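Student: fold the stuff below for me.
(one chain, ligands or ions: 1)
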Amino acid sequence: MSHDTEPHAQAEGGLAPEPGEGGPAPVPEPESAAASLAETAADIDELNVEEPVVAILMGSKSDLPAMEKAATELTERGIRSETRVMSAHREPDTVAEYAKNARLRGIKVIIAGAGLSAALPGVVAAHTDLPVIGVPLTSRTSVAGGLDALLSISQMPPGVPVGCVGVDNARNAAVLAARILSI
Ligand code: RP5
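Tutor: Down below sits the predicted model:
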């Protein structure tokens, strides 16, 4: 067992003077350090002020009439969102890239709506650990009034969860996003 018995080179209670300097480095006054921290925090808040915190994704432009209800609900609650159309089947790379970067961009919850086989919410959840809320949608060729999309979105494998709201109920997805954000 070894013990540190050597005398410490650094003077007790302060920094050792730099070679060539006459004394200890000046310590910033606590008040000016606090003011500078507050200024930095304010700068960061200012930078983030317009950034969206909820993403609203959908597989096709034809989903917009149903999905815009989520955007309306979020806006009414003062929650910033962005809306994007990207298909898990037609643009798989775009979806993967978007989902991977979402957290870094400040997104906190992702709402994803799709019809038919409705892979979009699940694919997004595969590429991010942000909460994903799926909205099963009806479309021209839906089976059983949207049951196809409902099962695709809700029947995720263990470990890759997607929250699922009712068919065409994008408004509820927005309300749930607000609750996840506790706003
Ligand atoms: C899904 O297929 C979309 O989410 C949409 O609900 C459905 C039909 O898409 P479009 O053929 O109208 O583009 O991928």
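Student: is stretch 170-178 in proximity to the ligand?
Tutor: No: Stretch 170-178 lies out of reach of the ligand by Cβ under 6 Å from any ligand atom, never closer than 12.1 Å. Every residue, glycine included, has its C-beta placed from N, CA and C.
Student: roughly how far is that stretch from the heart of the chain?
Tutor: Using Cα atoms, centre = their mean, to the nearest Å, the mean C-alpha position of stretch 170-178 is found 15 Å from that of the whole chain.
Student: kindly export it (C-alpha atoms) in CSV.
Tutor: Written as CSV, here are the backbone C-alpha positions of stretch 170-178 (Å, rounded to 0.1, in the frame of the first residue of the first chain):
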residue,chain,number,x,y,z
ALA,A,170,-54.6,13.3,-35.1
ARG,A,171,-56.0,15.7,-32.6
ASN,A,172,-55.6,13.2,-29.8
ALA,A,173,-52.0,12.6,-30.9
ALA,A,174,-51.3,16.4,-30.4
VAL,A,175,-53.0,16.3,-27.0
LEU,A,176,-50.9,13.3,-26.0
ALA,A,177,-47.8,15.1,-27.2
ALA,A,178,-48.7,18.0,-25.0
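Student: neighbouring contacts of that stretch?
Tutor: The contact list for stretch 170-178, computed with Cβ atoms under 8 Å, 6 or more residues apart in numbering, reads 54, 56, 66-74, 77, 79, 109, 111, 113, 133-135, 163, 165-166.
Student: what do you get if the cut-off is 10 Å, keeping everything else the same?
Tutor: 53-56, 58, 63, 65-79, 81, 108-113, 121, 131, 133-135, 137, 163-166, 169, 183 (Cβ atoms under 10 Å, 6 or more residues apart in numbering).
Student: in helices only, show me those residues.
Tutor: If you go by DSSP state H, the contacts of stretch 170-178 have 65-76, 121 in helices.
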